[in-house]
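**Q** need coordinates for the following:
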Amino acid sequence: MQIIETQIPGLLEIIPKVFGDDRGYFYESYSKAAFERIGVNSEFVQDNQSMSSRGVLRGLHFQNPPFAQGKLVRVIQGSVLDVVVDIRKNSPTYGKHHKVILSGENKLMFWIPPGFAHGFATLEDNTIFSYKCTNVYSKESEGSVLWNDPDIGIDWGLDNPLLSPKDQEAEPLSKLDSQFIFS
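**A** Next comes the predicted model:
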């Protein structure tokens, strides 16, 4: 596995070692020991999967403590523009975002620790997105940041994304009283 450290501390892009031949391919998408060696010492307690059409935008979501979640995300089929925003108070990169293309073809994985708002835009029909979570979902703890907040300035590459009512009504980062602290 190859690790790419991003400009935002804690975020890791992970390139798995893929073994391919005429039959197809094989790769280890998760190994507790391998992830502990790169400093991801989290226990995953829930796996989620979604399927979306091209042009769907989901996010920017997070869960507050005590249900804060770290996520190991990847795309099984199709592709997404995956985006995170640092919402950790006192972080030198607070309010900054990082983008990466995840696809079934590139098999890139992305480690997102707690303290980040996360979202993605689907680039192809029938995109299957998978994520391992370090905590269970709690509706009472969920939060979101407005996907098109001009202060964050994310270029999603979409003119009219398909959004849930929750994502349409999210507040800008300036109204967020983040419960996450950078350490």
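
**Q** OK, contacts around Val85?
**A** 60, 95-97, 116-117, 145, 152, 154, 173 (Cβ atoms under 8 Å, 6 or more residues apart in numbering). From N, CA and C alone the C-beta is placed, and that goes for glycine too.

**Q** adding pLDDT, write those out as JSON lines.
**A** As requested, the contacts of Val85 are exported to JSON lines (pLDDT from 0 to 100):
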{"residue": "Leu60", "pLDDT": "97"}
{"residue": "Gly95", "pLDDT": "97"}
{"residue": "Lys96", "pLDDT": "97"}
{"residue": "His97", "pLDDT": "98"}
{"residue": "Phe116", "pLDDT": "98"}
{"residue": "Ala117", "pLDDT": "98"}
{"residue": "Val145", "pLDDT": "98"}
{"residue": "Ile152", "pLDDT": "98"}
{"residue": "Ile154", "pLDDT": "98"}
{"residue": "Leu173", "pLDDT": "98"}
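
**Q** longest helix in the protein, please.
**A** Ranked by number of residues, the top helix in the chain under DSSP state H is helix 32-37.

**Q** list of residues touching it?
**A** Residues outside helix 32-37 that contact it (Cβ under 8 Å, 6+ apart): 1, 28, 41-42, 72.

**Q** now do 7 Å
**A** Residues from elsewhere that reach helix 32-37, judged by Cβ atoms under 7 Å, 6 or more residues apart in numbering: Met1.

**Q** after it comes which helix or strand?
**A** Per DSSP states H and E, helix 32-37 leads on to strand 46-52 as the next helix or strand towards the C-terminus.

**Q** gap between the helix or strand following that next one and the chain center?
**A** Counting by DSSP H and E, the element after strand 46-52 in chain order, helix or strand, is strand 57-63. Centroid separation between strand 57-63 and its chain, computed with Cα atoms, centre = their mean, to the nearest Å, is 8 Å.

**Q** tell me what strand 57-63 is packed against?
**A** strand 116-122, strand 142-144, helix 165-168 (3 or more Cβ pairs under 7 Å, 6 or more residues apart in numbering; DSSP states H and E).

**Q** winner for burial among these?
**A** strand 116-122 (a mean of 25; mean count of other Cβ atoms under 10 Å).

**Q** contacting residues around the following helix or strand past that strand?
**A** Once the chain leaves strand 116-122, the next helix or strand it forms, by DSSP H and E, is strand 127-133. By Cβ under 7 Å, 6+ apart, the residues outside strand 127-133 that reach it are 30, 44-52, 69, 71-80, 120.
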